[in-house]
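Participant: Using only what follows, build the 3D model:
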Amino acid sequence: MAKNEKNVPKADERRKKHESLLETLESIVVAFILAFIFRAFLVEAFVIPTGSMAPTLLGQHVEHTCEHCRYEYSVGGDEREDRGIRQVVIPPKVVCPNCQLRDRMDDFSLFSGDRILVLKFLYDFRTPERWDVIVFRNPNQPSQNYIKRLVALPGETIQLVRGDVTIDGRIVQKTDKAQEALWMIVHDTRLRAEARDYVPRWGLQEGWTREGPGFRFTQVPETPAWMTYQERDAEGKPVWIGDYYGYNGVSDERFPGRGRVPVTDLCVTGHVTAEDAGTVLLVELRAWRDTFLFELTAKGSGRPSRILKNGMPVAESIGGVLPVGQPVGVLAANVDHKLMLWVNGSRPLKALTPLVTKAEGDPIYEPMPVSDDEWAQMAELPDGPARVRVGVRGGPIVLGYLRLDRDVYYTNDMIGGEPGHGVEGNPFVLHEDEFFVMGDNSPRSFDCRLWPLARPVVPRKNLVGKAFFVYWPAAGRRMGIPLAPDVRRFRFVH
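Facilitator: Alright, predicted model coming up:
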């Protein structure tokens, strides 16, 4: 065989390796080009820098487990340098948002903010919707990207009234997904504090007994037998349910863990087992001068389940909604002048005409008027303007657990001693192509309410896109792995 013939296979092999290398380089270049196109035109990643959207989205923070009840929550933190030494700065005092007991922060590490994906240019093809979580260029400093929740649209007049968003003089309700994201814990019986002087939050009438994380009633009461919830401060004294954020630490030294204002938009959830066809579960919520009673009857009883407002039925089912002997999830809530009842994730009741309803069938009501004087007087009461009771009538029942949540409360903040934009008593009118945004962590959010601008709004041209997924939640050192995400918190943004 000639020498050049012997070299043909080697030359062919070198050529194939060269072509393979070129193909690999070509693939990498194409991938980078596609990534840049993808980033520029479709999706971009952002890091949440601050806690203005907590607890929906977390900025730089410390993760902490309460030493008393083992509730896991996040506390806003910051890493600063002092004389060449890096230090983690956290609130000097914290109170657990579940058990309201003071908590030590002796051992902690700092975690970065959530990393999110944003659908860019979505709003070039679709109109922004109220309650979207959006990324935009900060009108105060256009080089910065901000993230907030969109609450008012072009041409609308926004005014915050006792924590709620009103548009053109009428309250607006959140979507189911947005509301789910905005419920904030008040108390969960599955996380009972072990402190010696801890006062249980649920007061039990005779016949009720505690059973694990829940409660049991074994008798057949003809009249309602109640359990009443009482919020308490770190010293065990009765207080109203307030807009406290564990993320912010102690917000008021006089009432640690209490928050700045009383909140009446509340949600009760739990696992319920009706043990007899005659069993009726009762959930009562009071908000200022209105009282709402949810009556959930057992299947086979032949009696409808109902919601009553001040004694008058406003929603009803055809029959019972609680299966006998089978645990079901129950949610009863008063929020944004809307009454919600879910059983195992579905709505079993229909609003009674001519009551105005949402498309989902939830009854919407007009509250009884409360004067400013009444508001101030009720806010001074130990339990404030809200009351929560859970009871039973007609048969035995088991409550596997009970959890109480509150809605976000948008605060009426001031600018240099003057009312902020869009707050109570100072409505704000949006022009064409203007949007009004606020943070979920209302007491710590620098948003349209406070911007020192002639037009404190987000112009349409400043919109970047809609936040839709947390792809790397709260990166930090976990189990010895640096920059590890919290795998429990991969989620869509609502």
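Participant: Quick check: mean pLDDT of stretch 309-319?
Facilitator: Averaged across stretch 309-319, pLDDT comes to 94.
Participant: Residues in contact with that stretch: which ones?
Facilitator: Identification of contacts with stretch 309-319 by C-beta atoms under 8 Å, 6 or more residues apart in numbering yields 290-293, 297, 299, 301-308, 339, 341, 348-352, 355, 361-363, 365, 368. Backbone N, C-alpha and C define where each C-beta goes, glycine included.
Participant: Which of those residues fall within helices?
Facilitator: Among the contacts of stretch 309-319, none falls in helices (DSSP state H).
Participant: now these: which count as buried?
Facilitator: 290-293, 297, 301, 303-308, 339, 341, 348-349, 351, 355, 362-363, 365 (16 or more other C-beta atoms under 10 Å).
Participant: ok, Arg102 touching Val95?
Facilitator: Yes. Judged on C-beta atoms under 8 Å, Arg102 makes contact with Val95 at a distance of 5.7 Å.
Participant: who's more crowded, those two?
Facilitator: Val95 (23 against 19; other C-beta atoms under 10 Å).
Participant: gap between that one and Ala225?
Facilitator: For Val95, the distance to Ala225 equals 32 Å [C-beta to C-beta, to the nearest Å].
Participant: and if you look at Gly270?
Facilitator: Here the criterion is C-beta to C-beta. By it, Gly270 lies 16 Å from Ala225.
Participant: what about Gly391, helix or strand, and which?
Facilitator: Following DSSP states H and E, one finds Gly391 within strand 386-393.
Participant: Check what contacts that strand and list those residues.
Facilitator: 202, 205, 217, 221-229, 240-241, 262-264, 266, 268, 270, 279-287, 399, 402, 404.
Participant: Measure how the very next helix or strand once past it sits relative to strand 386-393, angle-wise.
Facilitator: Once strand 386-393 ends, the next helix or strand along the chain (criterion: DSSP H and E) is strand 397-406. Counting by axes from the mean of the first three to the mean of the last three C-alpha atoms, to 10 degrees, strand 397-406 lies at 170 degrees to strand 386-393.
Participant: returning to what we had before: tell me which entries of the contacts of stretch 309-319 lie within strands.
Facilitator: Cross-referencing the contacts of stretch 309-319 against strands under DSSP state E gives Asp290, Thr291, Phe292, Leu293, Thr297, Arg306, Ile307, Leu308, Leu339, Leu341, Lys350, Ala351.
Participant: ok, now which ones touch the fifth one?
Facilitator: Shown here is Thr297, whose contacts under the criterion C-beta under 8 Å, 6+ apart are Thr279, Val280, Arg303, Pro304, Ser305, Gly319, Gly320, Val321, Leu322.
Participant: Excluding chain neighbours, what is closest to Phe469?
Facilitator: The shortest distance from Phe469 to any non-neighbouring residue, by C-beta to C-beta, 6 or more residues apart in numbering, is to Leu117 (4.6 Å).
Participant: Confirm that neighbour sits in a strand?
Facilitator: Yes. Assessed with DSSP: H, G, I helix; E, B strand; the rest coil, Leu117 lies in a strand.
Participant: what's the next secondary structure element after the helix or strand that Ile134 is a member of?
Facilitator: Assigned by DSSP H and E, Ile134 falls within strand 133-137. Sequence order places strand 145-152 as the next helix or strand after strand 133-137, per DSSP H and E.
Participant: Pull up the pairing partners for the helix or strand that that following strand is followed by, direction included.
Facilitator: Moving toward the C-terminus from strand 145-152, the next helix or strand (DSSP H and E) is strand 157-161. The pairing partners recorded for strand 157-161 under DSSP bridges are strand 164-167 (antiparallel), strand 428-429 (antiparallel).
Participant: Give me the contact list for the shortest one.
Facilitator: Residues from elsewhere that reach strand 428-429, judged by C-beta under 8 Å, 6+ apart: Ala152, Glu156, Thr157, Ile158, Gln159, His421, Gly422, Phe436, Cys448, Pro456.
Participant: The fourth one touches Arg170, doesn't it?
Facilitator: Put plainly, it is Ile158. No. In this structure, Ile158 is not within contact of Arg170 by C-beta under 8 Å, at 11.3 Å.
Participant: Which one's more surrounded, the two?
Facilitator: Between Ile158 and Arg170, counted using other C-beta under 10 Å, Ile158 has the larger neighbour count: 23 against 9.
Participant: How about the contacts made by the nearest residue to that one once chain neighbours are set aside?
Facilitator: In this structure, Ile158 finds its nearest non-sequential neighbour in Ala152, 3.9 Å apart by C-beta to C-beta, 6+ apart. By C-beta under 8 Å, 6+ apart, Ala152 lies in contact with Arg130, Ile158, Val165, Ile167, Gly422, Phe428, Leu430, Phe435, Phe436.
Participant: Among these, the buried ones, what's the ChimeraX command?
Facilitator: Typed into ChimeraX, the line below selects the buried ones among the contacts of Ala152, using 16+ other C-beta under 10 Å:
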select :130,158,165,167,422,428,430,435,436
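Participant: would you turn the contacts of Ala152 into TSV with distance to Pro139?
Facilitator: Below are these laid out as TSV (distance: C-beta to C-beta, whole Å):
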residue	distance to Pro139
Arg130	19
Ile158	17
Val165	20
Ile167	21
Gly422	15
Phe428	14
Leu430	13
Phe435	11
Phe436	12
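Participant: and which of the contacts of Ala152 is nearest Arg196?
Facilitator: Nearest to Arg196 among those: Val165, at 43.0 Å, using C-beta to C-beta.
Participant: so for the strand holding Ile134, what's the average pLDDT?
Facilitator: Averaging pLDDT along strand 133-137 gives 97.
Participant: for that strand, packing partners?
Facilitator: strand 145-152, strand 434-438, strand 463-472 (3 or more C-beta pairs under 8 Å, 6 or more residues apart in numbering; DSSP states H and E).
Participant: quick revisit: counting only helices, which of the contacts of strand 386-393 make the cut?
Facilitator: Using DSSP H, no member of those falls in helices.
Participant: how far away is the nearest residue to Asn462 once chain neighbours are set aside from Asp243?
Facilitator: Spatial nearest neighbour of Asn462, chain neighbours left out: Arg137 (4.3 Å); criterion: C-beta to C-beta, 6+ apart. Separation of Arg137 from Asp243 (C-beta to C-beta): 29 Å.
Participant: These two: which has the busier surroundings?
Facilitator: Between Arg137 and Asp243, Asp243 has the larger neighbour count (other C-beta under 10 Å), namely 21 against 17.
Participant: which ones are touching the residue nearest to Arg190 when sequence neighbours are not counted?
Facilitator: Closest residue to Arg190 apart from its sequence neighbours, by C-beta to C-beta, 6+ apart: Pro213 at 4.2 Å. Going by C-beta under 8 Å, 6+ apart, Pro213 touches Thr189, Arg190, Arg192, Gly400, Tyr401.
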